[in-house]
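Student: Sequence and computational prediction follow.
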Amino acid sequence: MRTIEENKYLSELLFSDIKESPQDILKKYPERNLKEGELVLRFAPSPTGFIHIGNVYTSLVGYLLTKRSNGKFILRIEDTDKVREVENGISQIINGLEYFGIHFDEGMINDKESKGDYGPYIQSERMNIYKVFAKDLVSKGLAYPCFCTEDELESIRKEQTDLGTRTGYWGKWAKWREATFDEVKRALDSNWTFVIRLYSNGNIDNKINSKDLIKGGITLSENDMDSVLLKSDGLPTYHFAHPIDDTLMRISFVLRGDEWLSSQPLHMEIFKALGFKQLEYGHISPLMKMDGDSKRKLSKRKDPEAAVSYYIEKGYPVQGVKEYILNVANSNFYDWRIQNPDEDILEFNIRLEKFNKAGALFDISKLNDICKEYISKLKAQEIYDMALEWASKFNEDIHSKLINQKDYCISIFNIEREGSKVRKDIVKWSDIPSQVEIFFDDMFMDMDKESVDMDKGLQKNILNDFSDTYYPGDSVQEWFNKVKDVAIKNGFSVDSKEYESNPKKFKGKVGDVAMILRLAVTGKKQTPDLYQVMQVMGEERVRERIKGYINTVLV
RNA sequence: GCCGCUAUCGUCUAGUGGUCUAGGACGACAGGUUUUCAUCCUGUAAACCGGAGUUCGAUUCUCCGUAGCGGUACCA
């Protein structure tokens, strides 16, 4: 046991360089001047160089909530784990989120700089602040130095496991909790490395009833762990930085992943020890993935689709991804979207209490559907613009085609885009190459051509007959009438009912004739509307393709 | 092990003490339309985790199980 005076003296020994008081710090971070309802939220990632789709999920929610309320969205960087930190980690986060239209009003703006009056917004530059509060806690006996080595902690843990009690540094297991001043002084004089731990006054048997913004009513047990506040390198743990930063930055409430839920009692105790007002929490459950027959968190290591870069590289339309995420967040989003097809998503009233409380499975087929639907509503010019943006980074060949043959490309994108039956076969921009390959001779050359089982002489007759009458100025009706004429001339039926009732009478039906034309012109069995394809390709290319097919395939 | 959160079709979910024969969307499957495919249309299969209790009645309320997830670090 240490006396009040001893603790005070100890805090001076430990933090001799710290002169400021908590009050001095608090004065620098005054209450914000907010209007009714304006929200200040923060997104606080670690710069580990990997942006998880879950980061987009959480930050999109914060972004929408703050934008809707006319408040502030802050980017704070939690770089207290120097082992996992990566170079340019901050700008990677900013750029990744920027791609999804998520901007910040305050906080880091690149790897070095920030904007806003409540900084620094990077934890490694807030060291002094943490130390001021740590010193204060030590002087009040609410925190203390612990000199345990990793081995010692390990053996405590082992003993606890053998005994079947809870593991951890608590109560009588907390070796340095009640150390005398002399013991501490001796350890200090011997230059032993130490951490600063919370002196917990909690009782695990006391239940706390709390209200989570997302989960609703929850009951937690009080914390009784003497958790580490400052690590031996002097950097704070998340548990210590969170109450300080979120209090000083004057956050409205804490939106974070639900992996933090079980440490909430610890955080509450630290708030109390620091004399801070408790904050409300909204714990968002993680995006999950089916693995075999069990669910698990989308994993950075195992799942390529966990990384934001995956969506960027594949060229998923930003809007589609956002709408999918919103759909996962609030399942009534999709109903709203149907009612309000043209509204900006900012108009959607996102509600925390409507979040799913368990983890939602990430459903890529639903994402595909939403993206496909979204792209189907775009104009050809918009598709061109977005595809160009994607190709400029990921497909040089397509990029140069888009640049050099802009009008041709737009007319390709416009096939079956006007009218009531819009084509829906593009999910993401990386689908574009296989969509346009039939239109470019160099790509067409490299394609694996499909074929159909039909007499070569007959195919040749069909193609020659078609060529004889083909006229690019024909309307679709005139064009198809000519195809029918070719069919009749070569012994095919133009009436599908008639054909089905008497298939032996014919060589096939008009669809089979169209298929030969399709194969000759495109090399594929499945294409958009053949008339429109021919219109876009132009007479010369159509005739060349037919000629080429006759001279290579039909010999 | 201990602590916490969660539990409706394969997925996201709606829903309520009787309206539930449980609704929608995606997906799957089948049929139809179209010169092929995509679309579009129609249809089919598909769920209240289990057991007690409360109640005239429980998918809905309570408890106990079970399962899934998360935490149990000088990581966040």
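Tutor: Yep, it's here. Numbering: from 1, shown residues only, chains lettered A, B, ... in the order given.

Student: where's A:K421 relative to A:I415, distance?
Tutor: Distance of A:K421 to A:I415, given as C-beta to C-beta, to the nearest Å: 12 Å. C-beta: built from backbone N, CA, C; applies to glycine.

Student: wait, I meant A:Y549
Tutor: For A:Y549, the distance to A:I415 - C-beta to C-beta - is 21 Å.

Student: now swap in A:R166 and tell me
Tutor: 66 Å.

Student: The two: who's more crowded?
Tutor: Comparing A:R166 with A:I415 by other C-beta atoms under 10 Å, the one with more neighbours is A:I415, at 19 against 13.

Student: Quick one: residues contacting that one.
Tutor: Each residue near A:I415 by C-beta atoms under 8 Å, 6 or more residues apart in numbering is listed here: A:423, A:528-529, A:532-533, A:536.

Student: Now the buried members of these.
Tutor: Neighbour-count burial (16 or more other C-beta atoms under 10 Å) applied to the contacts of A:I415 gives A:423, A:528, A:532-533, A:536.

Student: average pLDDT for stretch A:523-538?
Tutor: Stretch A:523-538 carries an average pLDDT of 93.

Student: Next secondary structure after the one helix or strand A:P433 maps to?
Tutor: Using DSSP states H and E, A:P433 sits within helix A:432-436. Moving toward the C-terminus from helix A:432-436, the next helix or strand (DSSP H and E) is helix A:441-446.

Student: out of the contacts of A:I415, what pair is the most spread apart?
Tutor: Spatial extent of the contacts of A:I415 (C-beta to C-beta) is set by the pair A:R423 and A:V536 at 13.0 Å.

Student: so where's the stretch 351-500 of chain A uncertain?
Tutor: Of all residues in the stretch 351-500 of chain A, none has pLDDT under 70.

Student: Which parts of it are helices?
Tutor: With helices called from DSSP state H, counting those that start in this stretch, the stretch 351-500 of chain A shows them at A:364-376, A:380-394, A:396-404, A:406-413, A:432-436, A:441-446, A:456-469, A:476-489, A:496-501.

Student: ditto for the stretch 101-250 of chain A
Tutor: A:127-139, A:150-163, A:181-189, A:238-248.

Student: The last one and RNA strand B in contact?
Tutor: To tie it back to what came earlier, the one meant is helix A:238-248. Yes. Using C-beta under 7 Å from any atom of the strand as the criterion, contacts between helix A:238-248 and RNA strand B involve A:Y238.

Student: Just the mean pLDDT for that helix, thanks.
Tutor: So the average pLDDT for helix A:238-248 ends up being 96.

Student: Which strands or helices does that helix pack on?
Tutor: Secondary-structure packing of helix A:238-248 (3 or more C-beta pairs under 8 Å, 6 or more residues apart in numbering; DSSP states H and E): helix A:22-28, helix A:127-139, strand A:228-230, helix A:264-274.

Student: Check the spacing between A:F355 and A:I325 real quick.
Tutor: In terms of C-beta to C-beta, A:F355 sits 12 Å off from A:I325.

Student: overlap in contacts of those two?
Tutor: By C-beta under 8 Å, 6+ apart, no residue touches both A:F355 and A:I325.

Student: In terms of neighbours, single out the busier of those two.
Tutor: A:I325 (24 against 21).

Student: and the closest residue to A:G234 other than its chain neighbours, how many neighbours does it have?
Tutor: Distance criterion C-beta to C-beta, 6 or more residues apart in numbering; nearest residue to A:G234, sequence neighbours excluded, is A:M127 at 6.6 Å. Look at A:M127: counted by other C-beta under 10 Å, it has 15 neighbours.

Student: Likewise for A:I370?
Tutor: Around A:I370 there are 24 residues (other C-beta under 10 Å).

Student: contacting residues for A:L517?
Tutor: A:L517 neighbours (C-beta under 8 Å, 6+ apart): A:462-463, A:466, A:483, A:530, A:546.

Student: Now with 10 Å, please.
Tutor: Neighbouring residues of A:L517 by C-beta atoms under 10 Å, 6 or more residues apart in numbering: A:459, A:462-463, A:466-467, A:470, A:483, A:486, A:530-531, A:533-534, A:542, A:545-546, A:549.

Student: how far away is it from A:V486?
Tutor: For A:L517, the distance to A:V486 - C-beta to C-beta - is 8 Å.

Student: can you list the residues of the stretch 151-300 of chain A near RNA strand B?
Tutor: By the rule C-beta under 7 Å from any atom of the strand, the part of the stretch 151-300 of chain A lying against RNA strand B is A:153, A:157, A:164, A:166-169, A:193, A:195, A:215-216, A:218-221, A:227-228, A:231-233, A:235, A:237-238, A:258-263, A:285-286, A:288, A:290, A:294-297.

Student: Emit the ChimeraX select command for whichever of those residues are buried.
Tutor: Selecting only the buried entries of these in ChimeraX, with 16+ other C-beta under 10 Å as the criterion:
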select /A:153,168,169,195,215,220,227,228,231,235,237,238,258,260,261,263,285,286,288,297
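
Student: In strands only, show me the buried ones among the contacts of A:I415.
Tutor: Taking DSSP state E as the definition of strands, those contribute nothing to them.

Student: And the residues you listed, which is closest to RNA strand B?
Tutor: A:R423 (4.7 Å; C-beta to the nearest atom of the strand).

Student: isn't that closest one right next to A:I412, touching?
Tutor: No. A:R423 lies out of contact with A:I412 (C-beta atoms under 10 Å); the separation is 11.3 Å.

Student: shared neighbours of the two, anything?
Tutor: Contacts common to A:R423 and A:I412, judged by C-beta under 10 Å, 6+ apart, are A:435, A:528, A:532.

Student: what number of residues lie near A:V452?
Tutor: Residues near A:V452, counting by other C-beta under 10 Å, number 11.

Student: list the contacts for it?
Tutor: A:459, A:512, A:515-516, A:518-519, A:525.

Student: Output those residues in CSV; the columns should cover distance to A:Y334 and neighbour count.
Tutor: Shown next, in CSV, are the contacts of A:V452 (distance: C-beta to C-beta, whole Å; neighbours: other C-beta atoms under 10 Å):
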residue, distance to A:Y334, neighbour count
A:Q459, 48, 23
A:D512, 41, 19
A:M515, 38, 19
A:I516, 43, 24
A:R518, 36, 21
A:L519, 40, 22
A:K525, 34, 12
